[in-house]
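Q: Got a predicted model here, sequence first, then my questions.
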2 protein chains.
Amino acid sequence: MNAAEAEWIAADWGTSNLRIWAMRGADMLEARGSDKGMGTLSGADQFAAELARLSEGWPSVPVLACGMVGARQGWIEAPYRAVPCPAIPALNAVPGDPGGRKVLIASGVMQSDPPDVMRGEETQIAGLLAAKPDFDGVICLPGTHTKWARISAGEIVHFQTVMTGEIFALLSRQSVLRHSLDGTGGEDDGTAFADAVATALSQPHQAWARLFRLRAAGLIGTANPAEASAHLSGTLIGLDLGAARPHWLGQQVLILGNSGLARLYETALTAQGAAPVVGDADTATRAGLLAAWRQQEDMT
Amino acid sequence: MNAAEAEWIAADWGTSNLRIWAMRGADMLEARGSDKGMGTLSGADQFAAELARLSEGWPSVPVLACGMVGARQGWIEAPYRAVPCPAIPALNAVPGDPGGRKVLIASGVMQSDPPDVMRGEETQIAGLLAAKPDFDGVICLPGTHTKWARISAGEIVHFQTVMTGEIFALLSRQSVLRHSLDGTGGEDDGTAFADAVATALSQPHQAWARLFRLRAAGLIGTANPAEASAHLSGTLIGLDLGAARPHWLGQQVLILGNSGLARLYETALTAQGAAPVVGDADTATRAGLLAAWRQQEDMT
């Protein structure tokens, strides 16, 4: 089978990237991507043009998209639903069938108390629950903004966002620490990573204050860039795990993601006695969009 | 008296700025400044030219400088001394008396275990100790990199650097939180600041994880930018105070600085039951350089 036989198109349209897949039921026929994320586009015409360009040659089948494309600054604003709610997103039609295709954008999820939001992760969670409908526990979605979502009876009950990935990027690229790191995500020194996670969990104030040591060690001649990167990464993930402990302690934990960052969360959680299962994020995105589409078809 | 009667010139030459003062003994006759910090200059000729330009018309008297001008990337590398050591810095001559003036640069202070460094703050501490030779306690120097220095018997015994100011700047200007803040240092909502300090001290993990709420509140329509800035500032200063608690708890605390940031440290420490005294940083810098010069004159 090739993309000419596609029945629908799945799209993961985030702030920085657009990825699309030609789909036949649950089968992926072809994948394409571009760096035209929501953050680089402005106005409905630009979104329509980029989708038409990237999907050129594919059939005029419906497009189902999730992510920041549904934000206020996106193509259309797809409203948030409030927790507790089913993970399967509602789909919101872009007016006018741009490019001759029906385009449907997934709603995000919000929480009032404490305030929190997600866009895209709800679709991944829905995809995971399509495969494991009885899952009861916490789903960790590592990333620029790591999400921890408590799942019970097929619903997102509560969630928490921590800015772990964004703060790692800022500190490692733009702070004075940039001179002391090796440019990795911190995966090359497992001992330093594990030590930093443990310190951040047991002595969070001290862990926080220790970051400048990474720079100072370089100035006094005792630098070790691989160790420093692992230390920074372990400190931030350890602080995150400490905050999320009520979510994961004694729970089933599922990590959605196959990035280096996801593997570091797996390592850190395992060291704390959790037994996380790891799932593929892109598979979950496509499965979540398919579940949303089927639900909509059933209702119409 | 005017600058023509100067006996020496004091210089605070940091990464971002140069400030010089025409001095007669301990009296300041004239102040000048430029934005030609160490970070903007490269090579001895550029340092010499900037000093000559800014001090034009002043007598050919010795120049005593402290700060990053003595770093490896500075004019000359002024070596670190290791703690425990007297706060009064050793002075290192720039070869060749550039511009016909003797130029002396203060040594920094280092600590091996844990690794830490300071350049400039040692001179401020020396100036403070010149006025209060019996001070025994901790000196807090708020800034891009806040320092906490334990002082006893006229010596710097131990110190700790926390990247509080730099991380506040990165998060408030370059992270997703920038959309949610009011552009201040967080001084306009005392209640939110005090609450965030207290939470960061008592529940550091939770405090850390709460930062994304400031953004989420804006997205779901409950934003309060002044409160958000105070919350971010209070969280970071509270984490810093938690790490430095062994230094300040039950000790005399002296804050050197008159910035808005210094006032926030004063507020936070006072709320925690400390009774900090606040001193002027520029006065301390000039007094510290004078003490270093007098010590050197005594020795020669």
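A: Now that the structure is in, tell me what you want to look at. Residues are numbered from 1 along each chain as shown, chains lettered A, B, ... in the order given.

Q: Quick check: buried residues in the longest helix anywhere in chain A?
A: Longest helix in chain A by number of residues, with DSSP state H as the criterion: helix A:225-248. Neighbour-count burial for helix A:225-248, counted by 16 or more other CB atoms under 10 Å in any protein chain shown, picks out A:225-245, A:247-248. C-beta here means a position set from N, CA and C on the backbone, and glycine is covered the same way.

Q: Give me the contacts around the helix or strand following it.
A: As assigned by DSSP states H and E, the chain's next helix or strand after helix A:225-248 is strand A:252-256. For strand A:252-256, the external contacting residues (CB atoms under 8 Å, 6 or more residues apart in numbering or on different chains) are A:121, A:124-125, A:128, A:135-142, A:262, A:265-266, A:269, A:274-281, A:284.

Q: returning to what we had before: so which of the buried residues of helix A:225-248 are also by chain B?
A: A:239, A:240, A:242, A:243, A:244, A:245 (CB under 8 Å from any CB of the partner chain).

Q: Look at residue A:109 and give its secondary structure.
A: Following DSSP: H, G, I helix; E, B strand; the rest coil, we place residue A:109 in the strand state.

Q: ok, it touching residue A:123?
A: No: here residue A:109 lies out of contact with residue A:123, judged by CB atoms under 8 Å, at a distance of 9.8 Å.

Q: Identify the contacts common to these two.
A: A:87, A:89.

Q: Between the two, which has more neighbouring residues?
A: residue A:123 (32 against 27; other CB atoms under 10 Å in any protein chain shown).

Q: quick one, what contacts that one?
A: A:66, A:67, A:87, A:89, A:106, A:284, A:285, A:288, A:289, A:292.

Q: same check, this time on residue A:116
A: Here residue A:116 is in contact with A:110, A:159, A:160, A:161, B:212, B:213, B:216 (CB under 8 Å, 6+ apart).

Q: Can you tell me how far the fifth one is from chain A?
A: Read that as residue B:212. Separation of residue B:212 from chain A (CB to the nearest CB, to the nearest Å) stands at 4 Å.

Q: what angle do the helix or strand hosting that residue and helix B:225-248 make?
A: Element membership for residue B:212 (DSSP H and E) is helix B:211-219. Interaxial angle, helix B:211-219 versus helix B:225-248 (axes from the mean of the first three to the mean of the last three CA atoms, to 10 degrees): 170 degrees.

Q: show me the contacts for whichever residue of the stretch 1-150 of chain A sits closest to chain B.
A: Chain B sits closest to residue A:115 of the stretch 1-150 of chain A, with a gap of 4.1 Å, by CB to the nearest CB. Going by CB under 8 Å, 6+ apart, residue A:115 touches B:213, B:216, B:217, B:219, B:220, B:222.

Q: which residue packs closest to the fourth one, ignoring adjacent ones?
A: Read that as residue B:219. residue A:117 (5.1 Å; CB to CB, 6 or more residues apart in numbering or on different chains).

Q: and that neighbour, bridged to which residues?
A: residue A:110 (DSSP bridges).

Q: That one and residue B:216 touch, don't they?
A: Yes: using CB under 8 Å, residue A:117 is in contact with residue B:216, at 4.8 Å.

Q: Domains in chain A, by residue range?
A: A:3-119, A:162-279 (automatic domain parsing).

Q: And for residue A:140, the neighbour number?
A: By the criterion of other CB under 10 Å, residue A:140 has 27 neighbours.

Q: Ignore what I typed, I meant residue A:10.
A: There are 25 residues near residue A:10, going by other CB under 10 Å.

Q: and residue A:76, backbone torsions?
A: The phi/psi pair for residue A:76 (degrees, to the nearest 10) reads phi -130, psi 150.

Q: How is residue A:135 assigned, secondary-structure-wise?
A: Residue A:135 ends up coil, using three-state DSSP.

Q: residues near it, how many?
A: Neighbour count for residue A:135, taken as other CB under 10 Å: 17.

Q: Residue ranges in chain A under the pLDDT threshold?
A: Within chain A, the segments meeting pLDDT under 70 span A:300.

Q: Could you pull out the helices in it for me?
A: A:44-54, A:121-131, A:164-174, A:190-202, A:204-209, A:211-219, A:225-248, A:260-271, A:281-299.

Q: Please identify the most buried of these.
A: Mean neighbour count, computed with mean count of other CB atoms under 10 Å in any protein chain shown, is highest for helix A:121-131 among the helices of chain A, reaching a mean of 26.

Q: got the angle between it and helix A:281-299?
A: Using the same axes, to 10 degrees: helix A:121-131 against helix A:281-299 is 80 degrees.

Q: Now do helix A:121-131: distance to the chain's middle.
A: Centre-to-centre, helix A:121-131 and its host chain are 12 Å apart (CA atoms, centre = their mean, to the nearest Å).

Q: ok, now stretch A:169-182?
A: For stretch A:169-182 - counting by CA atoms, centre = their mean - the centre lies 23 Å from the chain centre.

Q: what residues does it touch?
A: Residues outside stretch A:169-182 that contact it (CB under 8 Å, 6+ apart) are A:144, A:183, A:188, A:211-212, A:214-215, A:217-218, A:223, A:225-226, A:228-229, A:232, A:236, B:145, B:163, B:166-167, B:170-171, B:174-175.

Q: show me what contacts the nearest residue to residue A:79 once chain neighbours are set aside?
A: Counting by CB to CB, 6+ apart, residue A:79 lies nearest to residue A:107, which is 5.7 Å off, once chain neighbours are set aside. By CB under 8 Å, 6+ apart, residue A:107 lies in contact with A:70, A:78, A:79, A:80, A:81, A:89, A:90, A:91, A:92, A:122.

Q: Type out the PyMOL command that picks the buried ones from these.
A: Buried residues among the contacts of residue A:107 (16+ other CB under 10 Å), as a PyMOL selection:
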select buried, chain A and resi 70+78+80+81+89+90+91+92+122
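
Q: In strands, which of the contacts of residue A:107 appear?
A: Counting by DSSP state E, these place A:80, A:81, A:91, A:92 in strands.

Q: Identify the residues contacting the closest residue to residue A:290 other than its chain neighbours.
A: Excluding its sequence neighbours, the residue lying closest to residue A:290 (CB to CB, 6+ apart) is residue A:26, at 5.8 Å. Neighbouring residues of residue A:26 by CB under 8 Å, 6+ apart: A:286, A:287, A:290.

Q: Tabulate those residues in a markdown table, adding columns for distance to residue B:47.
A: Output for the contacts of residue A:26, formatted as a markdown table (distance: CB to CB, whole Å):
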| residue | distance to residue B:47 |
| --- | --- |
| A:286 | 60 |
| A:287 | 62 |
| A:290 | 65 |
